[in-house]
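**Q** one predicted model, sequence on top.
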Amino acid sequence: MNEHGSGLNIITNGQGGDACCSLPENPFLVKRREFLKVAGLGLVGSMAGSAPTVMAGKFTAEDLKHGMLIPADKKLDQEWVRNLFDRGVKEVYRGESLQHIGMPCGGIGAGQLYLRGDGALVAWKIFNGAKDGWGEAAHTIYRELKSESPVQQGFALTVRQGNQSPSLHQLTAEEFSDVSFEGEYPIGTVRYADDTVPVSVEMEAFSPFIPMNAKDSALPATLFRLTLRNNSSQPVRAGIAGWLENAVCNSVDPSLPGQKVTALSDEKGRRAVLHRAVAGDPQETQSQRAPIVFENFEGPDFKNWQVEGRAFGDKPLAGTAPNQGGVTGFEGKGLVNSFVDGDQPRGKMMSKQFTIERSYINLLVGGGGHKAQTCVNLVVDGKTLHTATGQFAEHLMWQTWEVAELAGSKAQIEIVDQSSSGWGHVLVDQIEFSDSRRSGKDDRFERSRDFGSMALACSDPAVEWPQDIPLPKEIDKSSIVTQGNVSKSVQDKLVGVLSSREFELAPDEEKQVVFVLAWHFPNAQQGNYYATQFEDAAAVVDYVFDNQDWLAGETRLWRDVYYDSTLPFWLLDRLMSTVSTLATGTCQWWADGRFYAFEGVWCCPGTCTHVWNYAQAHARLFPELSRSVREMQDFNPRATGGGYHTESGLVGFRGNDDYAADGQCGTVLKAYREHQASADNSFLQRFWPRIKQALLYSIEQDANSDGLIENSQHNTYDINYEGPNTFVGSLYLAALRAGEEMAKEIGDLPFASHCRAIYESGLRLTQVSLWNGEYFVQDVDLEKHPRNQYGQGCLSDQVFGQGWAHQLNLGYIYPREMVASALNSVWKYNWAPDIGPYNEAHKPFRWFITPGRAGLFTCTWPKSEYLPDGTSYKNEVWSGIEYQVAGHMIAEDMVTEGLAICRAIHDRYQPEWFNPYNEIECGDHYARAMASWSVLLALSGYKYHGPQGSLGFAPKISPEQFKVAFTAAEGWGSFQQDRDAQGQTEQVTLAWGQLRLNELQFQLEPNGKLDKAVVNHNASPVTAELSVEGQNARLSFSEPLVLHAGDTLRVRFTR
């Protein structure tokens, strides 16, 4: 959460109750009244779909005893409950709902781009400037029902019937009467049909998304596979036209000279629209020759240079050196960077000799600004005639030497690093000989955040635009480019248009064509990782097309494996929808390889430890990204850009100097998760000393090492809890248990014993001092600390650490019966089938839910007086907490309750009202909502320890017939369980990568007396030792068993 939340321009609780967000003209009021037609009968409805269904009720005054505004007995409708568990049918949306859908369709950390439900690309935030509007107007995005497009882009169907003139039909809801959207993130499918058009179109849009392969899931590209089908009884000819506006430098200062350039390229059997921008006066630029690139440092070595000393290493560096701030402003992948081993080493590089032929030498220079010590020199006849230095910054800027008077002279370029002090290094790239300056030292045009390139390409193109096919009517004809190379002022518009070839389609025949949209905008503050992999958008297009078979194939494979499940369709949609947060402005992947994130889109920076305590999806699908946060932030010392304090073990919760008690404990838990999600022990071995010290910092806050932290505890509610409580306390005890297990693995047995002793003391004292007989409370002196505490309240997050413990297979940190009772209290007192009555009496600071909908409040006071000045955000509903609680409830066999909480979120984000891919808290696409993955883990009873080769499942829903996707350190696939009268069958099928196993764990049916097991790897029998304790079965292999893609491991348990 934002530490300065009250400073945001957010509607707070000063107005009346029925008006959502306290706005007199409430856009949701009509829906609210429709709901009250049902709720007025004492029933509570679920508004999913076009007609309300009864969720709960009837409720009477008797249900609201003792002044409570939340009924303890939810009276869930039995048909509604059955629907929670039913497989159901896949949701397909039409009509007005299409305008509210915005599915992110770009790569991880590559900006933000939406596929709207009608197929339009909207909310273009790929230009390094993603914002959500929260600081500009109250709840701007939460209330926005339609995303518009600032960039002209689209597709159209072209059709020829017999001798008739060709027609063009834009793929929009205005030109097709039947348009539908089906979302299976990462793939969105839009279908277009109309009785007056003989050809229907199915457009599948996505960016490659392959778990365990983050690099190829972070491409700045969107693929469109368009399938054309002839639905008529006569043959037709049909194709697809596509267009893209040149939006490069649209936000640049108009006083800066520059031009847009759009070209159509034909290479490798495909056609592409290529957009870019160049600095300078257009007329001057058109008369110039192309520059001579003397050196771009893209090779594997310094073959054209004489190198002295150690400063430069033996080859160009691919961006940022270890322990160096992010290097930006260079071109391509390589550059000279003398920070290879820090600032201490010195050295020189001397180029081969060349003849000066042009008037200017342009070069990119950065790093230290020490004259004659960190510099680049032009040497003629042994004398330095020109020199350039950096600006004491890791950003390279253009510098220019005017050398017209030296024409014909023999010269060399010398790169010097003779400084070992601070900024004792030099950065150099792209040395060019030119007829003009490259912006001199004022390179603001080329440093603008939207300077870069864009492209749209077709796999099966027409050689040129068919002359008899009309151009899209929405595009100004003066801006259209269909061939050649066109330049205009940066303030003018250019739109590139291209077409697939026309396909002959017999009746009922189908043909496919693929388009790729790509972008490349390297000027993010810390650079973009993708810009270190590709030179420009054209290179992205080439990579995607050259590899599209496996990029698209493995993306679809993940989609198919995930949805080939016994879980309900609605639940699969909901749990996967939040994963799209990775492809929004919330997440960045910096040029130096660091995964960095806000809490929500551009809201609250620093990959905040306490908010990201909740997120699980990224760590299970792309473990390398989560490890990156540990390696480059949490356990990276402050001196080298991280948040780790080497002397104390403090982990600054925003990569800074500030302490958050929940975030500190969570960092230890995340370290153990990252270890378990690894293939070997290398992560733990490398970072154990810092993990241990981070845990010791938390132990120091527990001054008497009794297992209760009693001092001031800053936390995710943006306040400090005073005194012992189980929100921080459960995370602390779980961290102690994780520390114990890691210490055992590393061989640090004294520290393991130390952790165990503190844990056991905390377990005992928590039961004595923080248990009220029904749930856990806070031990605080409210006279001394009257604000921001919860005291005797029922906090939804009160056993958060126990949920973590289940995920990490740490067992119970509190007695099982107490945990179950606490969660039952959270359900009983905090989950409201309609939040309206409670929020009427107790106004929230911010609205993330509208009256008439079900939700889980942060905290209530069922056993004591309500605290008006109690814990912050107490009257709000956060989906991230809801998922955390739901997953934990399911782990404790409260499956109906957990699913009900998830279904309420799903109904809340139905596209009749809101974007189903944008769960909001303090900002769009809020990271906490990626706690949704904990629900999937709990439903499957997933347990995994990669280095130990241990995998286990214990389904919590339909264990007699269950199937679900799973991930491991190096692969992913599906798990299936079937029970019959004779026994139980387990099947692990690997779809991608590899899986190393030493043991398997399963839960057998109760009282089944299954004590025999037959194991087969594909068709081959496998010897395994079986041990059964109660319902828990363990199979141990004498030698590691390795599954590869396509392999199946089958276990049959019998009596």
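**A** Thanks, I have the structure now. What you are looking at is a predicted structure, and each value in this text was computed from that prediction instead of being measured.
**Q** in the protein, where is pLDDT below threshold?
**A** Residue ranges of the chain with pLDDT under 70: 1-52, 65-67, 132-147, 281-288, 439-442.
**Q** okay, domains of it per the record?
**A** Partitioning the chain according to automatic domain parsing yields domains covering residues 1-86+772-908, 102-280+450-558, 292-435, 598-770, 941-1054.
**Q** what residues are up against the closest residue to Arg654 other than its chain neighbours?
**A** The spatially closest residue to Arg654, leaving aside those adjacent along the chain, is Gly606, at 2.8 Å (C-beta to C-beta, 6 or more residues apart in numbering). To be clear about C-beta, it is placed using only N, CA and C from the backbone, and glycine gets the same treatment. When contacts are counted by C-beta atoms under 8 Å, 6 or more residues apart in numbering, Gly606 touches Phe598, Gly643, Phe653, Arg654, Gly655, Asn656.
**Q** tell me how far Gly606 lies from Trp589.
**A** 16 Å (C-beta to C-beta, to the nearest Å).
**Q** distance between stretch 589-609 and the chain's centre?
**A** With C-alpha atoms, centre = their mean, to the nearest Å as the basis, the distance from the averaged C-alpha position of stretch 589-609 to the chain average is 10 Å.
**Q** so which bits of it are buried?
**A** When neighbours are counted by 16 or more other C-beta atoms under 10 Å, the buried residues of stretch 589-609 are found to be 589-604, 606-609.
**Q** which of the three states applies to Glu204?
**A** Classification of Glu204 into helix, strand or coil gives strand, according to DSSP: H, G, I helix; E, B strand; the rest coil.
**Q** residues in a beta bridge with it, which ones?
**A** According to DSSP bridges, the partner residues bridging Glu204 are Thr189, Arg225.
**Q** name the element the residue nearest to Arg654 belongs to?
**A** Take DSSP states H and E as the rule and Gly606 turns out to sit in neither a helix nor a strand.
**Q** Ser730 versus that one, what's the distance?
**A** For Gly606, the distance to Ser730 - C-beta to C-beta - is 24 Å.
**Q** again with Val92
**A** Val92 is 42 Å from Ser730, where distance means C-beta to C-beta.
**Q** again, but for Ile126
**A** 41 Å.
**Q** correct me, but Leu567 touches Leu939?
**A** Yes. Contact between Leu567 and Leu939 holds when scored by C-beta atoms under 8 Å: they sit 6.7 Å apart.
**Q** intersection of neighbour lists for these two?
**A** With C-beta under 8 Å, 6+ apart applied, the overlap between the contact sets of Leu567 and Leu939 consists of Ile957, Val964.
**Q** in three-state terms, how would the nearest residue to Cys105 once chain neighbours are set aside be classified?
**A** When the adjacent residues along the chain are set aside, Cys105 lies closest to Leu115, with 4.3 Å between them (C-beta to C-beta, 6+ apart). Using three-state DSSP, the structure places Leu115 in strand.
**Q** give the contact list for Leu115.
**A** For Leu115, the residues meeting the contact criterion (C-beta under 8 Å, 6+ apart) are Ile101, Gly102, Met103, Pro104, Cys105, Leu121, Gly188, Val190, Ala205, Thr222.
**Q** closest one to Ala241 out of the residues you listed, please.
**A** Ala241 lies nearest to Leu121 out of the contacts of Leu115, by C-beta to C-beta, at 15.3 Å.
**Q** is the closest residue to the closest one other than its chain neighbours bridged to anything, and to what?
**A** Distances taken as C-beta to C-beta, 6+ apart put Gln153 closest to Leu121, at 5.3 Å, once the chain neighbours are dropped. Gln153 forms beta bridges with Leu244, as assigned by DSSP bridges.
**Q** Gln153: what's it in contact with?
**A** Residues in contact with Gln153 (C-beta under 8 Å, 6+ apart) are Leu121, Gly242, Trp243, Leu244, Glu245, Leu456, Leu517.
**Q** where's the second one relative to Ser499, distance?
**A** Here the criterion is C-beta to C-beta. By it, Gly242 lies 7 Å from Ser499.
**Q** in terms of neighbours, single out the busier of those two.
**A** Between Gly242 and Ser499, counted using other C-beta atoms under 10 Å, the more crowded position is Gly242 (27 against 24).
**Q** right, and the more buried one touches Gly154 too?
**A** Yes. The pair Gly242 and Gly154 qualifies as a contact (C-beta under 8 Å) at a distance of 7.4 Å.
**Q** can you give me phi and psi for the closest residue to Lys125 other than its chain neighbours?
**A** Spatially, and ignoring its direct neighbours in sequence, Lys125 is nearest to Gln112 (3.9 Å; C-beta to C-beta, 6+ apart). Listed backbone geometry of Gln112 is phi -140, psi 130, with angles given as degrees, to the nearest 10.
**Q** same check on Trp771?
**A** Here the main-chain torsion angles of Trp771 (degrees, to the nearest 10) amount to phi -110, psi 120.
**Q** how many neighbouring residues does it have?
**A** Counted with other C-beta under 10 Å, the burial measure for Trp771 works out to 17 neighbours.
**Q** what element comes up after the strand or helix carrying Met454 heading to the C-terminus?
**A** Of the helices and strands defined by DSSP H and E, Met454 is found in strand 453-458. Counting by DSSP H and E, the element after strand 453-458 in chain order, helix or strand, is strand 480-481.
**Q** just the CA atoms of whatever helix or strand comes next after that following strand, as PDB, please.
**A** Counting by DSSP H and E, the element after strand 480-481 in chain order, helix or strand, is strand 485-489. Extracted in PDB, the C-alpha atoms of strand 485-489 (Å, rounded to 0.1, in the frame of the first residue of the first chain):
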ATOM      1  CA  ASN A 485      10.000   4.900 -47.600                       C
ATOM      2  CA  VAL A 486       8.200   8.100 -46.400                       C
ATOM      3  CA  SER A 487       9.400  10.700 -43.900                       C
ATOM      4  CA  LYS A 488       7.400  13.500 -42.300                       C
ATOM      5  CA  SER A 489       7.700  15.900 -39.500                       C
END
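**Q** so what does the following helix or strand past strand 485-489 touch, helix or strand wise?
**A** Of the helices and strands lying after strand 485-489 in sequence (DSSP H and E), the nearest is strand 495-499. Helices and strands touching strand 495-499, as assessed by 3 or more C-beta pairs under 8 Å, 6 or more residues apart in numbering; DSSP states H and E, comprise strand 236-245, strand 258-267, strand 270-279, strand 453-458, strand 480-481.
**Q** list the buried residues for strand 495-499?
**A** Neighbour-count burial for strand 495-499 [16+ other C-beta under 10 Å]: Val495, Gly496, Val497, Leu498, Ser499.
**Q** ok, now stretch 709-725?
**A** 709-710, 713-725.
**Q** what residues are up against Ala703?
**A** For Ala703, the contact set (C-beta under 8 Å, 6+ apart) comprises Glu710, Asn711.
**Q** go with 10 Å
**A** Applying C-beta atoms under 10 Å, 6 or more residues apart in numbering to Ala703 gives the contacts Ile709, Glu710, Asn711.
**Q** Asn547 now?
**A** Pro208, Asp216, Leu219, Gly553 are the contacts of Asn547 under C-beta under 10 Å, 6+ apart.
**Q** and which of the residues you listed is nearest to Asp536?
**A** Using C-beta to C-beta, Leu219 comes nearest to Asp536 of these, at 13.5 Å.
**Q** which stretch of helix or strand covers the closest one?
**A** With the criterion set as DSSP H and E, no secondary-structure element contains Leu219; it sits in neither a helix nor a strand.
**Q** pretty sure it is touching Gly111, no?
**A** No. In this structure Leu219 lies outside contact range of Gly111 using C-beta atoms under 10 Å: 11.2 Å.
**Q** where do the contact lists of the two overlap?
**A** Common neighbours of Leu219 and Gly111, using C-beta under 10 Å, 6+ apart, are Trp519, Tyr530.
**Q** how much space separates Lys268 from Ala552?
**A** Taken as C-beta to C-beta, the span from Lys268 to Ala552 is 17 Å.
**Q** kindly apply the preceding question to Ala734 instead.
**A** Ala734 sits at a distance of 41 Å from Ala552 (criterion: C-beta to C-beta).
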